[in-house]
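>>> give me a 3D structure for the following:
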Amino acid sequence: MKSKLFSPIQIRGLTLKNRVVLSPMLTYEADHGFPTDWHLAHYGKFAVGGVGLVFVESTKVDPRGCTTPKDLGLWKDEFIAPLARITSFVKSRGSAIGIQLGHSGRKARNSLPWQGRLPLGPEQKGVDHDEEWELIGPSAIAASAKSSTPKEMTLSDIRAQIDMWGAATLRAHKAGFDVLEIHCAHGYLLHQFLSARANQRTDQYGGSMENRMRFTLETVEHVRALWPAQKPLFVRISAIDEAGWSIEESVVLCKRLKALGVDVIDCSAGGMAEYSIASGENRPGYGYQVPHAETVKRDAGILTMAVGLIIHADQAESILQNNQADLVAIGREMLHNPNWLMDAADKLNEEGIFDLVAENYGYWLEKRASTGFKRKTSTWLHGIDH
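Okay, the predicted model is just below:
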């Protein structure tokens, strides 16, 4: 019996050849927002490895929304051509390609993670052309004690941001992306508006849950209207966070997102505190966010993608077989092994495992296998004349 992990799935007009997704992961290798050869090599190798849907990392709709000076951008037309080079290659290998659009809001303007991920001051010049790098957010409340206080967005600022998301959506289509994901998680701008801790506005965008959802819902509605009807739209959410946002509230939100034409909810968690929701005594175990995907799928009646320490083939298969999610996103484990898909197929006793990767890989690997060679053995010296 063919495993569910390797079965196709159709979402709107797109058919994914398997249920394995490269989770969007920031690489911090952009040059003033532009993708480089790094990105072509980075994303290309996962397509060569057979991943069904390759997601490009969080790409910013506004230079002010960059987490670091090395974030990818899609705030101007000049980014379209270099991104199209990546989408063309990935699709030539039979994989679909998606892009995650985001804005870090009050969590923007930081040093790189391996440089301490420290908030940078207003003297730091902007990503685009050394402009002033202004922090914006729903309220004038800093993300942490070390962070600068953002400017509270006006109603015209909110309208302008929605327009920026729309413009980036059109550019993503022109660049050849098959799937678009809106980043509404991890304490970034849309998530900030959802949070009663970060959002203390007294107008129609603050206060009640309905008001706090308004910016997200208006953004999604605008994006869906511009994103082609045959192309799937995902939204990443923090299903729960450290500031009190609950899974029950996520279900309410996801029902509204479904009504607006969202196809898949990418279920993550946390991001509204300086500490991680999965740190200390709450150190995560395998698949620690899978229950969120299961709850949203069941109670909101929408397709979900599970993410978070999904490491093993049988673990991924179990998530799908148990109807906890419809797609499985692999992140850091895919960095460790870009050919995770072939390894998983081997462990799940799939037939034709060498057909999953590029033919000029599969040919030589199949020839090696035909010799009886077994990986991970300690018998390589057997038969050698000492």
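>>> F89 and N360, how far apart?
Plainly put, F89 is 15 Å away from N360 if you go by Cβ to Cβ, to the nearest Å. (Each C-beta comes from the backbone N, C-alpha and C, glycine too.)
>>> neighbour count winner among these two?
A side-by-side neighbour count of F89 and N360, using other Cβ atoms under 10 Å, places F89 first with 17 against 8.
>>> now do the SS call for that one.
helix (DSSP: H, G, I helix; E, B strand; the rest coil).
>>> now the strands for the stretch 201-350 of the chain?
With DSSP state E, counting those that start in this stretch as the definition, the stretch 201-350 of the chain shows strands at residue ranges 233-238, 264-268, 303-306, 327-330.
>>> contacting residues around the first one?
Taking Cβ atoms under 8 Å, 6 or more residues apart in numbering as the criterion, the residues outside strand 233-238 that touch it are 24, 98, 100, 179-187, 191, 220, 223-224, 227, 245, 250, 253-254, 257, 261-272, 296, 305.
>>> please work out the average pLDDT along it.
Mean per-residue pLDDT for strand 233-238: 98.
>>> so in that sheet, which strands flank that strand, and in what orientation?
strand 179-184 (parallel), strand 264-268 (parallel) (DSSP bridges).
>>> the residue nearest to N339 when sequence neighbours are not counted: how many residues sit nearby?
The spatial neighbour of N339 that comes closest, neighbours along the chain excluded (Cβ to Cβ, 6 or more residues apart in numbering), is G49 at 4.7 Å. Residues near G49, counting by other Cβ under 10 Å, number 24.
>>> do the same with Q115
10.
>>> and what of the one 3 residues further on?
The burial metric for L118, expressed as a neighbour count using other Cβ under 10 Å, is 12.
>>> which residues touch it?
N110, S111, K146.
>>> what do you get if the cut-off is 10 Å, keeping everything else the same?
Going by Cβ atoms under 10 Å, 6 or more residues apart in numbering, L118 touches N110, S111, L112, K146, S147.
>>> over to F89?
The neighbours of F89, taking Cβ under 10 Å, 6+ apart as the test, are L40, A41, Y43, G44, A47, V48, S95, I97.
>>> for the fifth one, report the pLDDT, please.
So that's A47. At A47, pLDDT is 97.
>>> leaving out the residues flanking it, which one is nearest to S250?
The nearest residue in space to S250 (Cβ to Cβ, 6+ apart) is A239, at 4.6 Å.
>>> I'd say the one you found and V251 touch.
Yes: look at A239 against V251 with Cβ atoms under 10 Å: they come within range, at 8.9 Å.
>>> neighbour count winner among those two?
Neighbour count, other Cβ under 10 Å: between A239 and V251, A239 has more, with 27 against 19.
>>> look up how far A30 lies from that one.
Distance from A239 to A30, by Cβ to Cβ: 29 Å.
>>> ditto for I86
In terms of Cβ to Cβ, I86 sits 12 Å off from A30.
>>> what residues are shared contacts of those two?
H39.
>>> thinking again about what came up before, out of the strands of the stretch 201-350 of the chain, which gets nearest to L356?
Set against L356 and scored by Cβ to Cβ, the strands of the stretch 201-350 of the chain come closest in strand 327-330, at 14.2 Å.
>>> now do the helix or strand in which R159 is found, average pLDDT.
Using DSSP states H and E, R159 maps to helix 155-174. Across helix 155-174, pLDDT averages out at 98.
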